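[1] what would the 3D arrangement of this be:
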Amino acid sequence: MQIYLVGGAVRDRLLGIPIKDRDYVVVGASAEDMLRLGYKPVGKDFPVFLHPHSGEEYALARTERKSGRGYHGFEFQADANVTLEQDLARRDLTINAMAEDEHGTLVDPYGGARDLHARILRHVAPAFVEDPVRILRVARFAARFANLGFRVADETRALMQQMTRDGEADHLVPERIWAETRKALSESTPSAFLQVLRECGALKILFPEIDALYGVPQRAEFHPEIDTGIHIELVLDVAARLAPGDTLIGWCALTHDLGKALTPADILPRHIGHEHTGVAPLRALAARLKVPAEYAALAELVCKLHLQMHQLFELRAETLLKLLEQLDAFRRPERVRQFALICECDKRGRLGREHEPYPQTVYLLALFSAAAAVSAKVFVEQGFSGIEIGEKIRAARLQAVASVRATQRAQDHEAGS
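    Numbers count the residues shown, from 1 in each chain. Presented below is the predicted three-dimensional model:
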């Protein structure tokens, strides 16, 4: 029985980045051996165990064989006769197919260290084509390591294109698509996720609402990048920089402009009403992928209201209060900062404008702070009750918003004089 550290922990150590999780492969042992040593079984499809003390995962070395369509169509063999090299051969990328023994000696039968040095994402074996999830995983790893200069190997991209043509991507279930997408949105360069999927043809199949944005022109004075698909990529990367790891912000950044794909050709490059036409494709995408309710809800609000945020200094007091109410800000105060941040990403996700200031955020927070300070207690003490209290609260909030607005306009006038 031999135990090896495998996969991401080995890769990340060689890259010199923090190791998050440690996974181990056990060679020369059976499930019965593991149970006898006190390991706790957790694997459903194949033998995976938790260490009795550390809780880390230990899996028996295994092979897999394609037995049907999609990523569920596999048969596994896990026994004491499976070698480490056989286990590593079933992995997706060479950089994930390395191991270390108990002495720290590297086992690298498929050239993972070489590809790490060359910054290449390369498949391990021809069996790569058997699992469509690997299309998403390669795109996700591209999003994780693009900042280090990694690129997908030409032959791997060709295999992914072939998989797409063969219909393998059609068999991906929504839960798995969402799981990989959510992880990609947490990475440092999520634009690479879209780029890799688009290059292999999978973006059109898995995310047709996003794919349709590429090639759609925008007004150059507002969007120097012109192409709406490129704009989405830029917004995603700004979101990753301003809110690292926040997948809710990333999802809203990804979906805020879906309506631009539906703009009639005769009014391009203007996109009149895209904030409203974008709601239907957003709902369809969120429902298809079964995204969490909070993701779907906030993304829809961003889609509908982001133009108002950009025009915040021009809005009347009544419209400003209504904006806060639509965000459900007085019950969900965290949404104010989230909404403002996503809109800032949208504004700064434009070619050459990544570092421009966005004063609307400070203004919105000031408006909300003033309105939220209104208390029902005052009106209860004055003898009001029922619906009257709600009316009084709203009137006081409107007055508070109007006061902040008046102060802001006075400051703007003074600055401009």
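
[2] ok, longest helix in the protein?
    helix 387-416 (DSSP state H).

[3] which strands and helices sit next to it?
    helix 317-326, helix 360-372, helix 376-381 (3 or more CB pairs under 8 Å, 6 or more residues apart in numbering; DSSP states H and E). In short, each C-beta sits where N, CA and C put it, glycine included.

[4] just the buried residues of that helix, please?
    Buried positions in helix 387-416, judged by neighbour count with 16 or more other CB atoms under 10 Å: 389, 392, 393, 396, 397, 398, 400, 401, 402, 404, 405, 408.

[5] that helix: how far from the chain's middle?
    Averaging C-alpha positions (CA atoms, centre = their mean, to the nearest Å) puts helix 387-416 37 Å from its chain's average.

[6] one step back: and the helices and strands packed on helix 387-416: which comes nearest residue 16?
    For the helices and strands packed on helix 387-416, proximity to residue 16 was assessed by CB to CB; helix 360-372 is nearest, at 35.6 Å.

[7] what residues of the closest one count as buried?
    360, 361, 363, 364, 367, 368, 370, 371.

[8] what average pLDDT does it get?
    Helix 360-372 carries an average pLDDT of 97.

[9] packing partners for that helix?
    Counting by 3+ CB pairs under 8 Å, 6+ apart, helix 360-372 packs on helix 293-310, helix 317-326, helix 334-348, helix 387-416.

[10] and those helices, which one averages the lowest pLDDT?
    Among those, helix 387-416 scores lowest, with a mean of 91.

[11] shaky segments in the stretch 51-200 of the chain?
    66-75 (pLDDT under 70).

[12] 80 instead, please
    64-78 (pLDDT under 80).

[13] how about the helices in it?
    Assigned by DSSP state H, counting those that start in this stretch, the helices in the stretch 51-200 of the chain fall at 84-89, 112-118, 133-145, 154-165, 174-185, 191-199.

[14] now the second one: buried residues?
    Along helix 112-118, the positions that meet the burial threshold by neighbour count (16+ other CB under 10 Å) are 112, 113, 115, 116.

[15] got it, and the fifth one?
    Buried residues in helix 174-185, counted by 16+ other CB under 10 Å: 176, 177, 178, 180, 181, 182, 183, 184, 185.

[16] elements contacting that helix?
    Helix 174-185 packs on helix 133-145, helix 191-199, helix 247-255, helix 279-289, going by 3+ CB pairs under 8 Å, 6+ apart.

[17] and those, which is most packed in?
    helix 247-255 (a mean of 26; mean count of other CB atoms under 10 Å).

[18] run the chain-centre distance for whichever helix or strand comes after that one.
    Note on helix 247-255: by DSSP states H and E, the next helix or strand toward the C-terminus is helix 274-277. Helix 274-277 sits 22 Å away from the centroid of its parent chain (CA atoms, centre = their mean).

[19] what is helix 274-277 packed up against?
    By 3+ CB pairs under 8 Å, 6+ apart, helix 274-277 packs against helix 293-310.
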